[in-house]
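Chemist: Quick one, what's the 3D model for this:
(2 chains)
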2 protein chains.
Amino acid sequence: MRTLMISAIVATSVLGASLIDEAKSAGLKPIPANKTALEKLTSNPNNPTTSAKVELGKMLYFDPRLSKSGLISCNTCHNLALGGTDGMSAAIGHKWTSNPHGLSSPTVYNAVFYTQQFWDGRSPHLEDQAQGPIQAGPEMAAPKEFVTGVINSIPEYTALFQKAYGKDVKITFEKVADTIAVFERTLVTPARYDAFLNGNKKALTTAEQKGLKTFIDKGCTTCHNDIALGGTMQAFGVVAPYKYMSVGDFKGDKNGMVRVPTLRNITQSAPYFHNGQIATLSEAIKEMGRIQLGIDLTEDETASIETFLKSLEGKKPQVIYPMLPSSTAKTPKVDVVNN
Amino acid sequence: MRTLMISAIVATSVLGASLIDEAKSAGLKPIPANKTALEKLTSNPNNPTTSAKVELGKMLYFDPRLSKSGLISCNTCHNLALGGTDGMSAAIGHKWTSNPHGLSSPTVYNAVFYTQQFWDGRSPHLEDQAQGPIQAGPEMAAPKEFVTGVINSIPEYTALFQKAYGKDVKITFEKVADTIAVFERTLVTPARYDAFLNGNKKALTTAEQKGLKTFIDKGCTTCHNDIALGGTMQAFGVVAPYKYMSVGDFKGDKNGMVRVPTLRNITQSAPYFHNGQIATLSEAIKEMGRIQLGIDLTEDETASIETFLKSLEGKKPQVIYPMLPSSTAKTPKVDVVNN
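Modeler: Residues are numbered from 1 along each chain as shown, chains lettered A, B, ... in the order given. From the prediction side, this is the model:
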């Protein structure tokens, strides 16, 4: 028994030391442990993060009155209680419309680390991204002037915009999206995995470290790399076509490239893939091996990778549920049935 | 100027002292300032409040997976960020169904003080009430066994039920509703008005005190009394028919009685009345005078009552947004489009 324990400890630390280097060589990067470094990394120089903006952005994120119906908020589909997504295969929006392309809502957690937003990567950052779903007909369906009409009809909101941006702020639709984005930039979830990459060799168990090694050795880091373990555009179905490609009409961007989803908190964002057709993580891992790497992962390899992926479950920021200011007589009326 | 100020102060304290007695004689009661007294008042002896139940109840309250679609939680229509309601004239539920009777979602805040739940008062307490909307076809549409299926498929949930009720707990649908009710029992919002009734004569301004006096003198306390300033069953349209009675088919209970809504946080729960047809508080006050008291309130009287009602805006309990446990392979699948 003692021999076994000692050999396990030795194995851990030996694996640990070289594995950190190996992971970094494979392009994996931790969320910085240093608060200032993290803030610098997640802040947009053109839209610097301040606590006034974060607090206001949180209110807007949770406010269903930004939708044409008054019923759907950013949080409806990117639910912070449910891993930053909705658990649906395809998103449901305004008047119960299913996403016309069969696309699943990606998690908002750690989306700040993506180099492209949306499944087809058409948006360069969260400020731009946040403008999309608010306006999209099958999502929140709110025209720009409707949104600014709501905000400008509520004196507490205009005061909070002034507090965040100065007394002369013009509350445009873009400013609303910018503010939501600042809140979203705070939604990062450091995990034990980050502590490991930041040098704490004991932060991952031996089994998790072995899983990480398998993950690297099999080539998963080709696409799932950098801080998000995802977030760039990559070819999809490199070796074989995706089993459920026929569900929905999404074919990627104009070059057939698809934005790689983050693997952080992947245990909390089933069902998987852009059209949410894969229910379990082990099936998703196998399918990725088959269509991207051209390999049939064994049950053991799959289980080992899954064990590693579970270590990516991070600590979510605490969110105090906002109390929103009341509508006024000037607030645009909603007619959820006919509108 | 000094004379004016002195006379204002004298007026306040004289009004204050006698007004508290007058308010109590009219049946108005404060939320107890004493924490133990409040807990005793809001706890159900058959379902005592504990912190483990409150925390679990909060999770269930916010969990959309208790609905057949996986998209609608208690909080969707009784949004704690929006005064405990949804701002809709008639509630919208499963598959975007409008409430078939044209009924508006009542606020959940201070509902614990009601003697009857639902607009027709058919339910005696929150434990019973919470069972309704979860199952109702146009609301969350979830059969009992679907709800228990979801909970029992998620090990973290079963562990939390064991923590709350003991190791041998049987997780029934009724137990789920009971737990949600325990959370709802904590949603009370003490206001400056309560401090006033509890003896702090300066807690309300002179204008607010005058408004309270008008409120009592005009007879509003006939129905809007006790702690909730509402919550009992009363005849509706006593003197004249409600202007918008034709909207929806709701006619009250079998005797035509309607549950009186609380006036606490009434500034935050527009649009008003059971079918949400009245947009502003001043119009609601006038309509009440006309149909219940047979009087045409002047602009001054209406404004004075409105000033008082604004003082009923209470302090909401802080809610830390829950992080919900992940679904598992055993969790019943949802098909939002076809189901």
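
Chemist: Stretch A:106-114: how far from the chain's middle?
Modeler: Relative to its chain's centre, stretch A:106-114 lies at 3 Å (Cα atoms, centre = their mean, to the nearest Å).

Chemist: ugh, wrong one, I meant stretch A:68-81
Modeler: Centroid displacement of stretch A:68-81 relative to its chain, using Cα atoms, centre = their mean, is 15 Å.

Chemist: how's chain A carved up into domains?
Modeler: Per the record, chain A has its domains at A:21-34+A:189-310, A:37-184, by automatic domain parsing.

Chemist: Quick one: residues in contact with whichever strand or helix holds A:Val176.
Modeler: A:Val176 belongs to helix A:173-184 when assigned by DSSP states H and E. For helix A:173-184, the external contacting residues (Cβ atoms under 8 Å, 6 or more residues apart in numbering or on different chains) are A:44, A:47, A:49-50, A:53-54, A:56-58, A:60-61, A:66, A:74, A:108, A:111-112, A:125-131, A:134, A:144-145, A:147-148, A:151, A:161, A:164-165, A:169. From N, CA and C alone the C-beta is placed, and that goes for glycine too.

Chemist: And for stretch A:40-59?
Modeler: So stretch A:40-59 is in contact with A:32, A:39, A:112-113, A:125-127, A:157, A:160-161, A:163-165, A:178-186, A:188, A:319, A:322, A:324, going by Cβ under 8 Å, 6+ apart.

Chemist: Next, the contact list for A:Gly166, please.
Modeler: Taking Cβ under 8 Å, 6+ apart as the definition, A:Gly166 has no contacts.

Chemist: Please read the previous query as pertaining to A:Tyr242.
Modeler: Counting by Cβ under 8 Å, 6+ apart, A:Tyr242 touches A:236, A:273, A:287, A:291.

Chemist: Out of those, which sit inside helices?
Modeler: When the contacts of A:Tyr242 are checked against helices (DSSP state H), the matches are A:Glu287.

Chemist: Output stretch A:288-302 as PDB, nothing but the C-alphas.
Modeler: Only the C-alpha atoms of stretch A:288-302 are listed here, as PDB (Å, rounded to 0.1, in the frame of the first residue of the first chain):
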ATOM      1  CA  MET A 288     -14.600  14.900 -32.400                       C
ATOM      2  CA  GLY A 289     -12.000  12.200 -32.700                       C
ATOM      3  CA  ARG A 290     -13.800  10.700 -35.600                       C
ATOM      4  CA  ILE A 291     -14.500  13.800 -37.700                       C
ATOM      5  CA  GLN A 292     -11.600  16.100 -36.800                       C
ATOM      6  CA  LEU A 293      -8.700  13.800 -36.000                       C
ATOM      7  CA  GLY A 294      -9.700  10.600 -37.900                       C
ATOM      8  CA  ILE A 295      -9.200   8.400 -34.900                       C
ATOM      9  CA  ASP A 296     -11.500   6.100 -33.000                       C
ATOM     10  CA  LEU A 297     -10.900   6.900 -29.400                       C
ATOM     11  CA  THR A 298     -11.100   3.900 -27.100                       C
ATOM     12  CA  GLU A 299     -13.400   3.800 -24.200                       C
ATOM     13  CA  ASP A 300     -10.400   4.400 -21.900                       C
ATOM     14  CA  GLU A 301      -9.100   7.300 -23.900                       C
ATOM     15  CA  THR A 302     -12.500   8.900 -24.000                       C
END
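
Chemist: That stretch and chain B, any residue contact?
Modeler: No: judged by Cβ under 8 Å from any Cβ of the partner chain, stretch A:288-302 stays clear of chain B, getting no closer than 14.5 Å.

Chemist: pLDDT on that stretch, on average?
Modeler: Per-residue pLDDT over stretch A:288-302 has a mean of 98.

Chemist: what comes up buried for it?
Modeler: Neighbour-count burial for stretch A:288-302 flags A:288-293, A:297, A:301-302 (criterion: 16 or more other Cβ atoms under 10 Å in any protein chain shown).

Chemist: repeat for stretch A:114-121
Modeler: A:114, A:116-121.

Chemist: For A:Asn75, which non-adjacent residue is spatially closest?
Modeler: A:Phe62 (5.1 Å; Cβ to Cβ, 6 or more residues apart in numbering or on different chains).

Chemist: I figured that neighbour was touching A:His78, is that so?
Modeler: No: with contact defined as Cβ atoms under 8 Å, A:Phe62 does not reach A:His78; the gap is 10.7 Å.

Chemist: Skip ahead from the worst-scoring helix or strand of chain A on mean pLDDT and say which helix or strand is next.
Modeler: Lowest by mean pLDDT, DSSP states H and E among the helices and strands of chain A is helix A:2-25, with a mean of 66. For helix A:2-25, the following helix or strand on the C-terminal side (DSSP H and E) is helix A:35-42.

Chemist: Flag every buried residue along that following helix.
Modeler: A:41-42.

Chemist: could I get it in PDB with only the CA atoms?
Modeler: Provided in PDB are the C-alpha atoms of helix A:35-42 (Å, rounded to 0.1, in the frame of the first residue of the first chain):
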ATOM      1  CA  LYS A  35      -6.100  40.100 -10.700                       C
ATOM      2  CA  THR A  36      -4.500  43.100 -12.500                       C
ATOM      3  CA  ALA A  37      -3.200  40.900 -15.300                       C
ATOM      4  CA  LEU A  38      -6.700  39.400 -15.700                       C
ATOM      5  CA  GLU A  39      -8.400  42.800 -15.800                       C
ATOM      6  CA  LYS A  40      -6.000  44.000 -18.400                       C
ATOM      7  CA  LEU A  41      -6.600  40.900 -20.500                       C
ATOM      8  CA  THR A  42     -10.400  41.100 -20.300                       C
END
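
Chemist: number of nearby residues for A:Lys218?
Modeler: 18 (other Cβ atoms under 10 Å in any protein chain shown).

Chemist: oh, I was asking about A:Ser18
Modeler: 11.

Chemist: Between the two ends of stretch A:110-124, how far is it?
Modeler: 15 Å (Cα to Cα, to the nearest Å).

Chemist: That stretch and chain B in contact?
Modeler: No: counting by Cβ under 8 Å from any Cβ, chain B is not contacted by stretch A:110-124; separation bottoms out at 14.9 Å.

Chemist: Am I right that A:Ser105 is in contact with A:Ile92?
Modeler: No: using Cβ under 8 Å, A:Ser105 is not in contact with A:Ile92, being 9.2 Å away.
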